[in-house]
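Novice: Build me a model from this:
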Amino acid sequence: MPIHVGDMMAHQISHGSENDMTKVEMELKYFERMASLAKMPLMPNTIKQKKPPAPDIECSIQDVGPLAIELVALDSKNTQTRLNNMFRTSDCWEEALKMRPLMEQERLRVSCKNVFLRLEISNEAGNRNRRELMRSIQEELLKRPDDFVGELYDSEEFPDNCQGVTVIRYDDITDGPQISAPSDFENLHPLQIEKIKEKLTKKTYETSNPLDLFAYSIFDGINIYVDRLVEIDACVNEHLADSRFRRVWVFDLALGKLEKTYHR
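Specialist: Numbering: from 1, shown residues only. This is a model prediction of the structure:
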(Lines give C-alpha, C1' and ligand atoms only; values in the text may rest on other atoms or scores of the structure.)
Protein backbone atom coordinates (compact mmCIF):
# COMPACT_ATOMS: atom_id res chain seq x y z
CA MET A 1 0.00 0.00 0.00
CA PRO A 2 1.56 3.33 -1.05
CA ILE A 3 2.09 6.20 1.35
CA HIS A 4 0.24 9.36 0.45
CA VAL A 5 2.65 12.27 0.40
CA GLY A 6 0.05 14.39 2.17
CA ASP A 7 0.15 12.00 5.10
CA MET A 8 3.88 12.67 5.53
CA MET A 9 3.23 16.40 5.71
CA ALA A 10 0.23 15.81 7.95
CA HIS A 11 2.40 13.79 10.33
CA GLN A 12 4.70 16.80 10.74
CA ILE A 13 1.77 19.13 11.32
CA SER A 14 -0.01 16.95 13.82
CA HIS A 15 3.09 16.00 15.81
CA GLY A 16 5.00 19.26 15.69
CA SER A 17 4.49 22.66 17.22
CA GLU A 18 1.53 23.30 14.90
CA ASN A 19 -0.52 20.71 16.76
CA ASP A 20 -1.60 23.22 19.43
CA MET A 21 -2.22 26.14 17.08
CA THR A 22 -5.61 27.79 16.79
CA LYS A 23 -7.45 27.88 13.46
CA VAL A 24 -6.45 31.54 13.00
CA GLU A 25 -2.77 30.73 13.67
CA MET A 26 -2.88 27.78 11.27
CA GLU A 27 -4.46 29.89 8.54
CA LEU A 28 -1.72 32.48 8.97
CA LYS A 29 0.97 29.82 8.69
CA TYR A 30 -0.63 28.37 5.54
CA PHE A 31 -1.03 31.85 4.05
CA GLU A 32 2.63 32.69 4.62
CA ARG A 33 3.62 29.38 3.02
CA MET A 34 1.42 30.06 0.00
CA ALA A 35 2.62 33.66 -0.36
CA SER A 36 6.15 32.30 -0.53
CA LEU A 37 5.15 29.74 -3.20
CA ALA A 38 3.42 32.53 -5.15
CA LYS A 39 6.59 34.64 -4.89
CA MET A 40 4.75 37.41 -3.04
CA PRO A 41 7.26 39.11 -0.74
CA LEU A 42 5.22 40.28 2.25
CA MET A 43 5.98 43.66 3.77
CA PRO A 44 6.84 43.27 7.49
CA ASN A 45 4.06 43.86 10.00
CA THR A 46 1.36 44.41 7.36
CA ILE A 47 -0.62 41.18 7.74
CA LYS A 48 -4.06 41.64 9.29
CA GLN A 49 -6.53 38.84 9.94
CA LYS A 50 -10.09 40.03 10.06
CA LYS A 51 -13.51 38.51 10.61
CA PRO A 52 -16.22 38.38 7.91
CA PRO A 53 -17.42 40.22 5.94
CA ALA A 54 -13.75 41.23 5.50
CA PRO A 55 -11.55 38.73 3.62
CA ASP A 56 -9.38 36.41 5.74
CA ILE A 57 -6.16 38.35 5.12
CA GLU A 58 -5.18 41.91 4.31
CA CYS A 59 -1.51 42.66 3.71
CA SER A 60 0.96 44.63 1.62
CA ILE A 61 3.20 43.09 -1.05
CA GLN A 62 6.63 44.54 -1.75
CA ASP A 63 6.66 46.64 -4.97
CA VAL A 64 2.95 45.88 -5.47
CA GLY A 65 1.04 47.41 -2.58
CA PRO A 66 -2.09 46.44 -0.60
CA LEU A 67 -3.78 43.09 -1.24
CA ALA A 68 -6.66 41.15 0.29
CA ILE A 69 -6.74 37.35 0.31
CA GLU A 70 -9.66 35.02 0.93
CA LEU A 71 -8.60 31.47 1.88
CA VAL A 72 -10.43 28.24 1.08
CA ALA A 73 -9.27 24.71 1.98
CA LEU A 74 -10.38 22.03 -0.48
CA ASP A 75 -9.63 18.88 1.54
CA SER A 76 -12.39 16.35 2.02
CA LYS A 77 -14.50 16.68 5.16
CA ASN A 78 -13.32 13.16 6.08
CA THR A 79 -9.61 13.96 5.84
CA GLN A 80 -9.01 15.14 9.42
CA THR A 81 -10.82 12.13 10.88
CA ARG A 82 -8.77 9.83 8.66
CA LEU A 83 -5.52 11.46 9.74
CA ASN A 84 -6.45 11.54 13.43
CA ASN A 85 -7.12 7.80 13.23
CA MET A 86 -3.75 7.27 11.57
CA PHE A 87 -1.80 9.28 14.14
CA ARG A 88 -3.47 7.56 17.09
CA THR A 89 -2.11 4.13 16.13
CA SER A 90 1.06 4.30 18.27
CA ASP A 91 -0.96 5.48 21.26
CA CYS A 92 -3.26 2.50 20.78
CA TRP A 93 -0.25 0.16 20.99
CA GLU A 94 0.65 1.58 24.40
CA GLU A 95 -2.95 1.45 25.62
CA ALA A 96 -3.25 -2.20 24.59
CA LEU A 97 0.14 -3.01 26.13
CA LYS A 98 -0.88 -1.61 29.53
CA MET A 99 -3.80 -4.04 29.63
CA ARG A 100 -1.48 -7.06 29.49
CA PRO A 101 0.15 -8.83 32.49
CA LEU A 102 3.40 -7.18 33.59
CA MET A 103 5.51 -10.12 32.45
CA GLU A 104 4.08 -9.92 28.94
CA GLN A 105 4.51 -6.14 28.89
CA GLU A 106 8.18 -6.50 29.74
CA ARG A 107 8.77 -9.22 27.14
CA LEU A 108 7.13 -7.13 24.40
CA ARG A 109 9.04 -4.00 25.40
CA VAL A 110 12.36 -5.85 25.18
CA SER A 111 11.62 -7.90 22.05
CA CYS A 112 10.18 -4.92 20.13
CA LYS A 113 12.90 -2.37 20.94
CA ASN A 114 14.31 -2.60 17.40
CA VAL A 115 11.01 -3.28 15.60
CA PHE A 116 9.47 -1.30 12.78
CA LEU A 117 5.82 -2.34 12.29
CA ARG A 118 4.34 -1.75 8.84
CA LEU A 119 0.54 -1.88 9.08
CA GLU A 120 -2.19 -1.70 6.47
CA ILE A 121 -5.32 -0.51 8.25
CA SER A 122 -8.70 0.65 7.04
CA ASN A 123 -9.03 4.46 6.97
CA GLU A 124 -12.28 4.16 8.93
CA ALA A 125 -10.77 2.18 11.82
CA GLY A 126 -11.11 4.39 14.89
CA ASN A 127 -9.44 4.26 18.30
CA ARG A 128 -11.33 1.24 19.59
CA ASN A 129 -10.68 -0.72 16.38
CA ARG A 130 -6.98 0.16 16.42
CA ARG A 131 -6.59 -0.65 20.09
CA GLU A 132 -8.15 -4.06 19.47
CA LEU A 133 -5.85 -4.58 16.48
CA MET A 134 -2.81 -3.73 18.64
CA ARG A 135 -4.01 -6.24 21.23
CA SER A 136 -4.25 -8.89 18.49
CA ILE A 137 -0.78 -8.04 17.12
CA GLN A 138 0.74 -8.24 20.59
CA GLU A 139 -0.96 -11.60 21.16
CA GLU A 140 0.49 -12.90 17.91
CA LEU A 141 3.98 -11.55 18.66
CA LEU A 142 3.99 -13.34 22.01
CA LYS A 143 3.53 -16.63 20.11
CA ARG A 144 6.59 -15.97 17.96
CA PRO A 145 10.32 -16.01 18.72
CA ASP A 146 11.58 -12.71 20.12
CA ASP A 147 13.63 -12.09 16.94
CA PHE A 148 10.74 -12.78 14.54
CA VAL A 149 10.65 -10.84 11.24
CA GLY A 150 8.25 -11.04 8.31
CA GLU A 151 4.50 -11.09 7.72
CA LEU A 152 2.69 -11.66 11.00
CA TYR A 153 -0.52 -13.04 9.48
CA ASP A 154 -1.50 -15.16 6.51
CA SER A 155 -3.92 -13.35 4.21
CA GLU A 156 -6.87 -15.43 5.39
CA GLU A 157 -6.08 -14.68 9.05
CA PHE A 158 -6.05 -10.87 9.03
CA PRO A 159 -7.79 -9.27 12.02
CA ASP A 160 -10.72 -6.95 11.39
CA ASN A 161 -9.88 -3.64 9.66
CA CYS A 162 -6.41 -4.92 8.73
CA GLN A 163 -4.91 -6.04 5.42
CA GLY A 164 -1.34 -6.70 6.51
CA VAL A 165 1.21 -6.53 9.36
CA THR A 166 4.92 -6.70 8.58
CA VAL A 167 7.58 -6.95 11.30
CA ILE A 168 10.94 -5.44 10.34
CA ARG A 169 14.01 -5.00 12.57
CA TYR A 170 16.61 -2.25 12.27
CA ASP A 171 19.83 -1.89 14.25
CA ASP A 172 19.36 1.88 14.51
CA ILE A 173 15.92 1.57 16.14
CA THR A 174 16.26 1.39 19.92
CA ASP A 175 12.91 2.78 21.07
CA GLY A 176 10.55 0.51 19.14
CA PRO A 177 8.16 -0.48 18.09
CA GLN A 178 8.04 2.32 15.55
CA ILE A 179 4.72 2.02 13.74
CA SER A 180 3.87 3.08 10.20
CA ALA A 181 0.15 3.00 9.45
CA PRO A 182 -0.27 5.24 6.39
CA SER A 183 -3.80 5.81 5.19
CA ASP A 184 -4.98 4.28 1.95
CA PHE A 185 -5.50 7.17 -0.47
CA GLU A 186 -6.89 5.12 -3.36
CA ASN A 187 -10.41 5.46 -1.92
CA LEU A 188 -10.34 8.99 -0.54
CA HIS A 189 -13.31 11.29 -0.76
CA PRO A 190 -13.04 13.95 -3.48
CA LEU A 191 -11.84 17.50 -3.03
CA GLN A 192 -14.55 20.05 -2.24
CA ILE A 193 -14.34 22.01 -5.46
CA GLU A 194 -17.79 23.48 -4.79
CA LYS A 195 -16.12 25.60 -2.11
CA ILE A 196 -14.37 27.58 -4.86
CA LYS A 197 -17.75 28.33 -6.42
CA GLU A 198 -19.12 29.45 -3.03
CA LYS A 199 -16.28 31.93 -2.64
CA LEU A 200 -16.46 33.25 -6.21
CA THR A 201 -20.22 33.80 -6.13
CA LYS A 202 -20.16 35.58 -2.75
CA LYS A 203 -20.46 39.34 -3.25
CA THR A 204 -20.32 40.66 0.31
CA TYR A 205 -16.56 40.98 0.92
CA GLU A 206 -15.75 44.33 2.50
CA THR A 207 -12.29 45.57 1.53
CA SER A 208 -10.79 48.44 -0.44
CA ASN A 209 -7.82 46.28 -1.45
CA PRO A 210 -7.56 44.22 -4.66
CA LEU A 211 -8.91 40.74 -3.84
CA ASP A 212 -7.39 37.32 -4.63
CA LEU A 213 -8.53 33.80 -3.71
CA PHE A 214 -6.06 31.21 -2.38
CA ALA A 215 -7.56 27.72 -2.83
CA TYR A 216 -5.45 24.96 -1.33
CA SER A 217 -5.23 21.32 -0.35
CA ILE A 218 -3.35 20.74 2.90
CA PHE A 219 -3.28 16.95 2.92
CA ASP A 220 -5.20 15.32 0.09
CA GLY A 221 -3.23 16.74 -2.81
CA ILE A 222 -4.59 18.05 -6.10
CA ASN A 223 -3.20 15.82 -8.82
CA ILE A 224 -3.83 12.47 -7.15
CA TYR A 225 -7.45 12.91 -8.23
CA VAL A 226 -8.27 12.21 -11.85
CA ASP A 227 -9.58 15.35 -13.61
CA ARG A 228 -9.50 17.48 -10.44
CA LEU A 229 -7.67 20.34 -12.14
CA VAL A 230 -10.03 20.01 -15.12
CA GLU A 231 -12.97 20.45 -12.76
CA ILE A 232 -11.30 23.40 -11.04
CA ASP A 233 -10.66 24.94 -14.49
CA ALA A 234 -14.34 24.65 -15.35
CA CYS A 235 -15.47 26.11 -12.02
CA VAL A 236 -13.11 29.09 -12.12
CA ASN A 237 -13.69 29.82 -15.80
CA GLU A 238 -17.44 29.89 -15.21
CA HIS A 239 -17.49 32.12 -12.13
CA LEU A 240 -14.31 34.25 -11.93
CA ALA A 241 -15.35 36.92 -14.46
CA ASP A 242 -18.45 37.95 -12.48
CA SER A 243 -16.80 37.69 -9.07
CA ARG A 244 -15.09 40.22 -6.80
CA PHE A 245 -11.75 38.46 -7.32
CA ARG A 246 -8.91 39.42 -9.67
CA ARG A 247 -7.12 36.07 -9.48
CA VAL A 248 -7.48 32.53 -8.17
CA TRP A 249 -4.39 30.67 -7.00
CA VAL A 250 -4.49 26.86 -6.50
CA PHE A 251 -1.89 25.32 -4.17
CA ASP A 252 -0.99 21.74 -3.28
CA LEU A 253 0.58 22.15 0.17
CA ALA A 254 1.23 18.41 0.47
CA LEU A 255 3.79 18.87 -2.31
CA GLY A 256 4.66 22.48 -1.51
CA LYS A 257 3.58 23.53 -4.98
CA LEU A 258 1.63 26.28 -6.74
CA GLU A 259 -0.49 24.29 -9.19
CA LYS A 260 -2.16 27.03 -11.22
CA THR A 261 -3.09 30.70 -11.35
CA TYR A 262 -6.21 32.12 -13.01
CA HIS A 263 -6.65 35.79 -14.03
CA ARG A 264 -9.79 37.72 -14.85
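Novice: hey, let's count contacts and neighbours off CA atoms from now on
Specialist: Noted.
Novice: Just the strands from the stretch 151-264 of the chain, written as ranges.
Specialist: Counting by DSSP state E, counting those that start in this stretch, residue ranges of the strands within the stretch 151-264 of the chain are 162-169, 178-180, 211-217, 247-252, 257-263.
Novice: Check which helices and strands the helix ranked longest in the chain is in contact with.
Specialist: For the chain, the helix with the greatest residue count under DSSP state H is helix 127-143. Counting by 3 or more Cα pairs under 8 Å, 6 or more residues apart in numbering; DSSP states H and E, the packing neighbours recorded for helix 127-143 are helix 89-97, helix 102-111.
Novice: on that earlier part again, need the strands of the stretch 151-264 of the chain in TSV (columns: distance to residue 22 and mean neighbour count).
Specialist: Supplementary listing: those in TSV, determined by distance: least, Cα to Cα, whole Å; neighbours: other Cα atoms under 10 Å:
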stretch	distance to residue 22	mean neighbour count
strand 162-169	34	18
strand 178-180	27	17
strand 211-217	18	22
strand 247-252	21	22
strand 257-263	24	15
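Novice: List the buried residues for the longest helix of the chain?
Specialist: Residues 127, 129, 130, 131, 132, 133, 134, 135, 137, 138, 141 are the ones in helix 127-143 that count as buried (16 or more other Cα atoms under 10 Å).
Novice: go on, stretch 228-246?
Specialist: Applying a neighbour-count criterion of 16+ other Cα under 10 Å, one finds 228, 229, 232, 235, 236, 239, 240, 243, 244, 245 buried in stretch 228-246.
Novice: Quick check: the farthest pair among those?
Specialist: Every pair in those was compared (Cα to Cα); the two farthest apart turn out to be 228 and 244, at 23.7 Å.
Novice: returning to what we had before: same list, the buried residues of stretch 228-246, but as CSV with pLDDT and distance to residue 180 please.
Specialist: What follows is the buried residues of stretch 228-246, written out as CSV (pLDDT from 0 to 100; distance: Cα to Cα, whole Å):
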residue, pLDDT, distance to residue 180
228, 82, 28
229, 86, 30
232, 93, 33
235, 95, 37
236, 97, 38
239, 97, 42
240, 97, 42
243, 96, 45
244, 95, 45
245, 97, 42
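Novice: Out of these, which comes closest to residue 73?
Specialist: Comparing the buried residues of stretch 228-246 against residue 73 with Cα to Cα picks out residue 232 as the nearest, at 13.2 Å.
Novice: and the closest one, how far is that from residue 211?
Specialist: 19 Å (Cα to Cα, to the nearest Å).
Novice: now residue 33
Specialist: Residue 33 sits at a distance of 18 Å from residue 211 (criterion: Cα to Cα).
Novice: how about low-confidence regions in the stretch 1-150 of the chain?
Specialist: When residues are selected by pLDDT under 70, those of the stretch 1-150 of the chain lie in 1-21, 80-83.
Novice: go again using 80 as the cut-off
Specialist: Residue ranges of the stretch 1-150 of the chain with pLDDT under 80: 1-21, 76-88, 122-126.
Novice: can you pull out the helices in it?
Specialist: Using DSSP state H, counting those that start in this stretch, the helices assigned to the stretch 1-150 of the chain run over residues 5-15, 23-37, 79-87, 89-97, 102-111, 127-143.
Novice: Can you add distance to residue 263 and give those helices back as CSV?
Specialist: Output for these, formatted as CSV (distance: least, Cα to Cα, whole Å):
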stretch, distance to residue 263
helix 5-15, 28
helix 23-37, 17
helix 79-87, 30
helix 89-97, 44
helix 102-111, 58
helix 127-143, 45
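Novice: Minimum distance to residue 64: which of those has it?
Specialist: Evaluated over the helices of the stretch 1-150 of the chain, closeness to residue 64 peaks at helix 23-37, with 13.3 Å, by Cα to Cα.
Novice: buried sites along that closest one?
Specialist: Judged by neighbour count (16+ other Cα under 10 Å), helix 23-37 contains these buried residues: 27, 28, 30, 31, 32, 33, 34, 35, 37.
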